[in-house]
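Q: Fold the following, please.
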Amino acid sequence: MSSAAVRALSLEYKSLLSDPVEGFRVKLIKEENLFEWEVAIFGPPQTLYEGGYFKAHMKFPSDYPYSPPSIRFLSKVWHPNVYENGDLCISILHPPIDDPQSGELPCERWNPTQNVRTILLSVISLLNEPNSFSPANVDASVMYRRWKDSQGKDNEYPNIIRKQALAAKAEAEKEGIFVPTTLEDYCRKPAAKSSDSDKQGSQMIDFYDDDFDFADDDVSDDDDEGEAGGGVDDDSGNGD
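A: Predicted structure coming up:
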């Protein structure tokens, strides 16, 4: 793996520990591998996905950030831009090539100025506003457009989403994860705390790049596994 990729991912992970993206939990799948992350998305309140907790894997290429990562959902997600196998199709993760057949402009695609934070925000935006004109799931796209055209009279699409969100929430609760259902809880970020477990979390990151010392208060008290999140702390009853 290139040192530039390790450096970029080290800095981005540090940033997400100290300033999480609301509505997301992020952790390394294996502590020794900075190139594969587990991402969990809380369904935004006041949307079809409210109460949902959707897991995905994010895999980074060896030449990141010059090439984009890929995202595959592990949870069932019925969406026009999610393939049946869970792969996410979104412009920001497509290489910046000129492909007239795609209907995308090069400026809409990946470039090295993008990062994990902008990707996560784009994913939330896509969940709420699918691109039904270039679908990965044609059936979901047709169903979504029928629902929009009917002005909410055809409820097949929202019923499937809500069913999936409820099932995902039930799985999260089995794992002891609090799923925010209000905007207040969804937007609240975990408070950083200093503890021995914090130091263990920071030492894990130092494995990748000795140039970056992660302050104890960059890691919350549930980050023994190198975890960052935009939910809220279970101990306070408000999040994971």
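
Q: next SSE after the longest strand along the chain?
A: Determined from DSSP state E, the single longest strand within the chain is strand 33-42. Remark: after strand 33-42, the chain's next helix or strand is strand 53-59, criterion DSSP states H and E.

Q: Enumerate the positions of that following strand that are buried.
A: Applying a neighbour-count criterion of 16 or more other C-beta atoms under 10 Å, one finds Tyr53, Phe54, Lys55, Ala56, His57, Met58 buried in strand 53-59. Any C-beta I mention is one placed from the backbone N, CA and C, and that applies to glycine too.

Q: same check, this time on stretch 112-129
A: Buried residues in stretch 112-129 (16+ other C-beta under 10 Å): Gln114, Asn115, Val116, Ile119, Leu120, Ser122, Val123, Ile124, Leu126, Leu127.

Q: same deal with stretch 13-23?
A: Across stretch 13-23, burial judged by 16+ other C-beta under 10 Å covers Tyr13, Lys14, Ser15, Leu16, Leu17, Ser18, Pro20, Val21, Glu22, Gly23.

Q: returning to that earlier point: what strands flank the longest strand of the chain, and is each parallel or antiparallel?
A: Using DSSP bridges, strand 33-42 pairs in its sheet with strand 24-30 (antiparallel), strand 53-59 (antiparallel).

Q: Quick one: distance of the first one to the chain centre.
A: Which is strand 24-30. 9 Å (C-alpha atoms, centre = their mean, to the nearest Å).

Q: tell me the average confidence for that strand?
A: Throughout strand 24-30, pLDDT has a mean value of 91.

Q: In CSV, please show the C-alpha coordinates belonging to it.
A: Included here for strand 24-30 are C-alpha records, laid out as CSV according to Å, rounded to 0.1, in the frame of the first residue of the first chain:
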residue,chain,number,x,y,z
PHE,A,24,-22.8,7.4,11.0
ARG,A,25,-20.7,5.0,12.9
VAL,A,26,-17.3,4.1,11.4
LYS,A,27,-14.8,1.5,12.5
LEU,A,28,-12.0,-0.6,11.0
ILE,A,29,-13.0,-4.2,10.1
LYS,A,30,-9.6,-5.3,11.3
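
Q: on that earlier part again, out of the buried residues of stretch 112-129, flag the one nearest to Gly43.
A: Leu127 (7.9 Å; C-beta to C-beta).
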